[in-house]
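# one predicted model, sequence on top.
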Amino acid sequence: MSKVSIIIPFYNCPYINHALDSVINQTYQNNEIIVVNDGSTQYSEKVIPYLNNIKYIEKENGGTASALNVGIQHATGDYFCWLSSDDIYYPQKIEKQLAFMKEKNSLFSYTNYYSINEKGVIISPPLGIHCLNRLSFIKRMSKGNVINGCSVMINTTLFNEVGIFNESLPYTHDYDLWIRIIQKFDIHYLPQPLLLYRVHKDMGSKKHATLMRWETSLIINHYKDIMKHLMLEELKKQKS
């Protein structure tokens, strides 16, 4: 059985126990749960009841990308998943997505998802973005990130090919990595919602929205020529 490493970066998050409950109660059990405490000063006591079921790593505060990279360096799984400490996996998330990836012979996939509020109530329709083909996907990704990072599953061999998260990008390290992966590999979408994405007042995407937009524009400009080249390649394939 393939082993899946689920990495949970944790920094002062009151919802960490909900995230941990969701990964411990997965229907697929050959999982390695790695919690990386990124210098938290609050809520660390919520992790204590789970210590027998997880790998627990403490480090100085360095941001989500650095916490994910530490988790990757300690991971022993065949596949990588990431769960934010305020989000929740559906119980079948790992089982369904792993089966999907093996069926498609996929090295990278992402799933559909819902938003929830502070109380865990679903507040949105399904939010995943499905593109009809590789060309339309590259076009969408050339304008901004359409992949929720906590919905992904990645074969860990990809990190040897494209590297890990760029720690100089505190808020868009995921977007940068997805673009590096797109250049070499196909990306598959699973339309079943398997993630609950929590929206709350202290979430990073709200607190740092301006910086996220600025970083996103940097990435778009940095990869502009590469993405144009990829689109031209796909157009040639479609015409041939």
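That came through fine. Computed from a prediction, not measured in an experiment: that's the story for all the values here.
# show me which positions of the helix ranked longest in the chain end up buried.
If you go by DSSP state H, the chain has its longest helix at helix 224-239. Neighbour counts over helix 224-239 (16 or more other Cβ atoms under 10 Å) mark 227, 230-231, 234 as buried. Every residue, glycine included, has its C-beta placed from N, CA and C.
# how about those residues, which pair is most distant?
Farthest pair in the buried residues of helix 224-239 (Cβ to Cβ) is Met227 and Glu234. Separation: 10.7 Å.
# could you export the buried residues of helix 224-239 as TSV, including pLDDT and distance to Trp82?
Putting those into TSV (pLDDT from 0 to 100; distance: Cβ to Cβ, whole Å) gives the following:
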residue	pLDDT	distance to Trp82
Met227	98	24
Leu230	97	24
Met231	97	28
Glu234	95	28
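# show me where the protein has its strands.
Counting by DSSP state E, the chain has these strands, from start to end: 4-10, 31-38, 55-59, 79-82, 88-89, 108-116, 153-155, 188-198.
# JSON lines for the buried residues of helix 224-239, including distance to Asn52?
Output for the buried residues of helix 224-239, formatted as JSON lines (distance: Cβ to Cβ, whole Å):
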{"residue": "Met227", "distance to Asn52": "46"}
{"residue": "Leu230", "distance to Asn52": "46"}
{"residue": "Met231", "distance to Asn52": "50"}
{"residue": "Glu234", "distance to Asn52": "49"}
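# out of these, flag the one nearest to Gln183.
Using Cβ to Cβ, Leu230 comes nearest to Gln183 of those, at 6.6 Å.
# so which helix or strand of the chain has the lowest pLDDT on average?
Least confident helix or strand, the chain: helix 204-207 with a mean of 74, by mean pLDDT, DSSP states H and E.
# list the buried residues in it.
Judged by neighbour count (16+ other Cβ under 10 Å), helix 204-207 contains these buried residues: Gly204.
# pull the distance from that helix to the chain's centre.
16 Å (Cα atoms, centre = their mean, to the nearest Å).
# for the nearest residue to Gly71 once chain neighbours are set aside, what are its contacts?
What sits nearest to Gly71 in space, not counting adjacent residues and going by Cβ to Cβ, 6 or more residues apart in numbering, is Ile7, at 3.4 Å. Going by Cβ atoms under 8 Å, 6 or more residues apart in numbering, Ile7 touches 34, 36, 67-68, 71-72, 75, 80-83.
# show the pLDDT at Ile7.
Looking at Ile7, its pLDDT reads 98.
# do Leu132 as well
Model confidence at Leu132, given as pLDDT, is 91.
# ok, now which ones touch it?
Counted by Cβ under 8 Å, 6+ apart, Leu132 has zero contacts.
# which non-adjacent residue is nearest the most centrally placed residue in the chain?
Using Cα atoms, centre = their mean, the residue of the chain that lies closest to the mean C-alpha position is Gly149, 2.3 Å off. Leaving out its chain neighbours, the residue that sits closest to Gly149 by Cβ to Cβ, 6+ apart is Asp174, at 4.1 Å.
# okay, now the one you found: neighbour count?
Number of residues near Asp174 (other Cβ atoms under 10 Å) recorded here: 21.
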